[in-house]
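Novice: sequence and predicted model, in that order:
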There are 2 protein chains.
Amino acid sequence: MGSTITETASAPTVDEVLARSERAATIWAGRTPRERASVLNALADSLDGAATELVVLAGKETHLDESRLRSELGRTTFQLRFFADVISEGSYLDVSIDHSDKSWGMGPRPDIRRVLEPIGPVVVFAASNFPFAFSVAGGDTASALAAGCPVVVKAHSGHPRLSERTGQIIVDTLARLGAPDGLFAVIFGTDSGREALSDPRVKAGSFTGSIPGGRALFDIANSRPTPIPFYGELGSVNPTFVTRAAAKDRAEQLATEFVGSYTLGAGQFCTKPGMLLVPFDSEISGMLQTAPLPAAKPLLNDRIQSGYVEALAHLQTHGEVEFLTSSVGSDGHPPAPVLLTTTASQVIADPDRLIAEVFGPAALVVEYEQESSLLDLARLLDGQLTATVHGNDDDTIVPELIGVLATKAGRVLWNQWPTGVSVTFAQQHGGPYPATTAPTSTSVGSAAISRFVRPVAYQGFPNHLLPLALQDDNPLHIPRRVNGVR
Amino acid sequence: MGSTITETASAPTVDEVLARSERAATIWAGRTPRERASVLNALADSLDGAATELVVLAGKETHLDESRLRSELGRTTFQLRFFADVISEGSYLDVSIDHSDKSWGMGPRPDIRRVLEPIGPVVVFAASNFPFAFSVAGGDTASALAAGCPVVVKAHSGHPRLSERTGQIIVDTLARLGAPDGLFAVIFGTDSGREALSDPRVKAGSFTGSIPGGRALFDIANSRPTPIPFYGELGSVNPTFVTRAAAKDRAEQLATEFVGSYTLGAGQFCTKPGMLLVPFDSEISGMLQTAPLPAAKPLLNDRIQSGYVEALAHLQTHGEVEFLTSSVGSDGHPPAPVLLTTTASQVIADPDRLIAEVFGPAALVVEYEQESSLLDLARLLDGQLTATVHGNDDDTIVPELIGVLATKAGRVLWNQWPTGVSVTFAQQHGGPYPATTAPTSTSVGSAAISRFVRPVAYQGFPNHLLPLALQDDNPLHIPRRVNGVR
């Protein structure tokens, strides 16, 4: 109500934006998946066409380097095209058709046909750390548009100019293609975001960011008179477990790769391995102590910088945490990559404080005496986006360790590193709270679309009144389950 | 902590029950779907074997008649066997396997394999109105056990002896089959239920009942330090829209069938058509006024009775609501079936009060002047389990009306009645709030299982360390998506 969207006087209010979203919802939901796919592909083309301009803007606002940003934009437009392919194929609609059956086991059944339909307007809270891939044109926007929902993006304050420009490219492209007015909008400011999330016209929310920020929005979504699904991707330590045998066989490789992974992008990834568990008597800690660490790099913005300093201090001032090593030549701003160390028994004694995300170029090396401590520690974990095991195929502890980690994390890795999240059919970027607020969902990969659809069953309808996806002659040419058989 | 489960001194505490659930979770999750299916089938056999005893117990506690109860128990055991078949077939696991691919569009991808795994112990809050099908051995229990989760049922206070006996049959059967200790338990009392739902060992909750009751539990689930999914099926008016043409062509049939549907089971169904919209000048209202209504029947229990009286009075004392007719020969306890009436413009003027569930044998007949009022009224609806249209194939208002109703309800019906919810592949028993707290889910039909699973991706694993569902040679013989292709 009255909140401005940008700081210019002529910007529409959140109320006006949502009125247009609501009108667009019916029209966009009525487009076939292939029609929506062609729009997604055109958005990808427009963004690719503006790559140079966008990468320059992003570089100025985020301190990320050009090659990273180019690659991230490539990932972003790949994702739009990937979702276009996924909805065109159509199995995401999960169509199930049961013909009427007088001999059905619990008594005669009517004709029932079920399809997943768009949930309605979605508010997307953009992330700071991926100015393209998890921001205005990122995965949440792409999957919601693909699902058939209008999108209102609450821009991240870390890259306002880029957000505005990206949004403008999307709006212009949509207008050129004849997409419904109001299908997409960008709004600015915390209050605007909260106002939108509280509005009854909004039917789902999504978010990528910190635990406190995500929890506050989750609470708003759930305390509405009419609660809505809220898909928040919040925080993760991404613990990495090194077995005794792996530490013995591959100490140098593990030390080198770990440094590469935890310092990648100055440690500003949701999947940064923030904790490395190694045997106390392995060479790994010593190698890390003398490893060449990358130079200090500026973090995304001042808020990330101050949050990093605070979280690091909280960890570092723990009485049982010691300094292991850091990169040289920095006064802390930008911060030099750093490693701290403690023991497994200390972590087990104080998990709340010692298993905590530090967003930035820091990690905690945890030394264990008994390999069984890996299991004890795994059982203590809160929900994680990822959990990683470096082991040998015949390590006796491994099957049980993997079993425990699979109950804690959305993705479990074997002898690889968690940074780098490919957009694929099988990808899972999620996990139990606080990794996400919705453990049954993913924010990356083709299944991300399913966050923004809801099932509707049609009972007893004549063919011509059914949605196309459910009509007898299958005009959309999509995979369907008929009487229980695909 | 310390709450007793039953009133006997030796009953385990909620804490003890959940400790056993947690231990059972790993073991049960480790059983193959077909192993779990054989247990579900055996549970169905045991319950069928005890049918006579259970139906007698249920009749004493719920006032429901024997034939209804026998049929409901049949539905319940059918459902257990149906879920056994569904998990044996295996597509509920939604397996997706992406082999590593150096030429993947956004850059080389690793080997990633995704499967849906059990979410962990589930607390099921049983319903009063289906002492079998939505209670101790009902759909939530069946789908959670099928998914691989231990279940703790909080019994409904309306049928404690039946709940205890049903629970005992399940526990005995599970023990005989060698299922893990603690896989299933029944607890009693509101405090015990809340304690269980608040416990960190519980990973999801489900509920069938009233809006205030369900909302209170939803709020508990979401305000936990670690929130969990909560699948509540709360309330629904199930509006039924009769077009002008249908009212003209089939007045008598519609009047007769409507009475049959809204009074079925004394109106104690979630899907009871609580509102019938008819043209003001049709014969339907007059026919209803003189229609023979069924005799008064006792409601399920005193709480349902007093809730009914209160909700009916709230509707009836509205200044613009008039009495239409009621069955004779009752002093109100048990209550006689009743019909009230008002106009569409009054409903549009005061939807909060006039579009409200009255759980029991009452309904509101709403007369409209303009057929377009059907659209106006549809747009005002909160979320519904069902919405029904009685129309003719060529009614011009119908396509738009169906489109609006599909955004409001989980199931839309054409020229049928919403009572009677078959358990099938395509069934959808859900809807936007307040029909449910989870609009993306269903509590009936094969998709109900998906409430209790969460995705886990395995990256880079050697074959022998993968779950069976993901191994190369497909030892479970289940449908899988490989590199995007089924």
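Specialist: Done, it's in. These numbers come from a predicted model, not from an experiment.

Novice: switch to C-alpha atoms for all contacts and neighbour counts from now on
Specialist: Will do.

Novice: so which bits of the stretch 101-250 of chain A are right by chain B?
Specialist: Proximity of the stretch 101-250 of chain A to chain B, by C-alpha under 8 Å from any C-alpha of the partner chain, involves residues A:105-106, A:109-110, A:112-114, A:119, A:219, A:222-223, A:226-229.

Novice: quick one: which of those residues is most hemmed in?
Specialist: Of those, A:R113 is surrounded by the most neighbours, 30 neighbours in total, counting by other C-alpha atoms under 10 Å in any protein chain shown.

Novice: would you say that one is within a helix?
Specialist: No. Under DSSP: H, G, I helix; E, B strand; the rest coil, A:R113 sits outside any helix and is assigned strand.

Novice: how close does A:T386 get to A:N392?
Specialist: 19 Å (C-alpha to C-alpha, to the nearest Å).

Novice: the two - which one has more neighbours?
Specialist: The neighbour count for A:T386 versus A:N392, taken as other C-alpha under 10 Å, is higher for A:T386 (33 against 18).

Novice: so that one is in which element?
Specialist: Secondary structure from DSSP states H and E places A:T386 in strand A:384-390.

Novice: helices or strands up against that strand?
Specialist: strand A:239-242, strand A:409-414 (3 or more C-alpha pairs under 8 Å, 6 or more residues apart in numbering or on different chains; DSSP states H and E).

Novice: report the mean per-residue pLDDT for the shortest one.
Specialist: Averaging pLDDT along strand A:239-242 yields 98.

Novice: any buried residues in that strand, and which?
Specialist: A:P239, A:T240, A:F241, A:V242 (16 or more other C-alpha atoms under 10 Å in any protein chain shown).

Novice: just the CA trace of the helix or strand following it, in CSV.
Specialist: Beyond strand A:239-242 on the C-terminal side, the first helix or strand identified by DSSP H and E is helix A:244-249. This file holds the C-alpha atoms of helix A:244-249, laid out as CSV (Å, rounded to 0.1, in the frame of the first residue of the first chain):
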residue,chain,number,x,y,z
ARG,A,244,41.3,-42.5,7.5
ALA,A,245,42.2,-44.5,4.4
ALA,A,246,41.5,-41.6,2.0
ALA,A,247,43.5,-39.2,4.2
LYS,A,248,46.4,-41.7,4.0
ASP,A,249,46.2,-42.3,0.3
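
Novice: now for helix A:244-249, which elements pack on it?
Specialist: strand A:275-279.

Novice: okay, now the sheet partners of the strand it packs on, with direction.
Specialist: strand A:239-242 (parallel), strand A:362-368 (parallel) (DSSP bridges).

Novice: and the helix or strand just after the last one with strand A:384-390, angle?
Specialist: It stands for strand A:362-368. For strand A:362-368, the following helix or strand on the C-terminal side (DSSP H and E) is helix A:373-380. Here the directions of helix A:373-380 and strand A:384-390 differ by 170 degrees (axes from the mean of the first three to the mean of the last three C-alpha atoms, to 10 degrees).

Novice: the residue in the stretch 251-400 of chain A that chain B sits nearest to: neighbour count?
Specialist: For the stretch 251-400 of chain A and chain B, the shortest gap (C-alpha to the nearest C-alpha) falls at A:P399, measuring 6.7 Å. When neighbours are counted by other C-alpha under 10 Å, A:P399 registers 16.

Novice: need the per-residue pLDDT for the nearest residue to it once chain neighbours are set aside.
Specialist: Using C-alpha to C-alpha, 6 or more residues apart in numbering or on different chains and skipping residues adjacent in sequence, the residue nearest A:P399 is B:L465, 6.7 Å away. We have a pLDDT of 98 for B:L465.

Novice: any idea how far B:L465 lies from B:D111?
Specialist: Look at B:L465 and B:D111: by C-alpha to C-alpha, they are 14 Å apart.

Novice: on that earlier part again, list the buried residues for the helix or strand hosting the residue of the stretch 251-400 of chain A closest to chain B?
Specialist: Secondary structure from DSSP H and E places A:P399 in helix A:398-406. Residues A:V398, A:P399, A:L401, A:I402, A:G403, A:V404, A:L405, A:A406 are the ones in helix A:398-406 that count as buried (16+ other C-alpha under 10 Å).

Novice: ok, back up a step: wait, isn't the residue of the stretch 251-400 of chain A closest to chain B in contact with B:P467?
Specialist: No. Assessed by C-alpha atoms under 8 Å, A:P399 is found out of contact with B:P467, at 9.9 Å.

Novice: hey, where'd the helices end up in the stretch 1-150 of chain A?
Specialist: With DSSP state H, counting those that start in this stretch, the ranges of helices along the stretch 1-150 of chain A come out as A:14-29, A:33-49, A:51-62, A:66-89, A:139-147.

Novice: greatest separation within the residues of the stretch 101-250 of chain A next to chain B: which pair is it?
Specialist: Farthest apart among these by C-alpha to C-alpha are A:G105 and A:D219. That separation is 43.3 Å.

Novice: report the angle between the helix holding A:P399 and helix A:373-380.
Specialist: Orientation check (the same axes, to 10 degrees): helix A:398-406 against helix A:373-380 gives 20 degrees.

Novice: I'd assumed A:L340 was in a helix, is it?
Specialist: No. Assessed with three-state DSSP, A:L340 is strand; it does not lie in a helix.

Novice: I figured it hits A:E322, correct?
Specialist: Yes. Between A:L340 and A:E322 there is a contact under C-alpha under 8 Å: 5.6 Å.

Novice: low-confidence ranges in the stretch 151-300 of chain A?
Specialist: Applying pLDDT under 70 to the stretch 151-300 of chain A flags no residue at all.

Novice: so which residue of the stretch 151-300 of chain A comes closest to chain B?
Specialist: Closest to chain B within the stretch 151-300 of chain A is A:T226: 5.9 Å, counting by C-alpha to the nearest C-alpha.

Novice: host element of that residue?
Specialist: Secondary structure assignment for A:T226, by DSSP H and E: no helix or strand.

Novice: quick one: it from A:L197, how far?
Specialist: As judged by C-alpha to C-alpha, A:T226 and A:L197 stand 11 Å apart.

Novice: what do you get for A:G403?
Specialist: A:G403 is 37 Å from A:L197, by C-alpha to C-alpha.

Novice: before we move on, what about A:D393?
Specialist: If you measure A:D393 against A:L197 using C-alpha to C-alpha, the figure is 48 Å.

Novice: please say which of the two ends up with more neighbours.
Specialist: Set side by side, A:D393 and A:L197 show more neighbours around A:L197, with 28 against 16, by other C-alpha under 10 Å.

Novice: show the contacting residues for the more buried one.
Specialist: By C-alpha atoms under 8 Å, 6 or more residues apart in numbering or on different chains, the contact set of A:L197 is A:V123, A:A204, A:G205, A:L217, A:I220, A:A221.

Novice: now for these, which pair is the farthest apart?
Specialist: Largest separation among these by C-alpha to C-alpha: A:V123 and A:I220, giving 12.6 Å.
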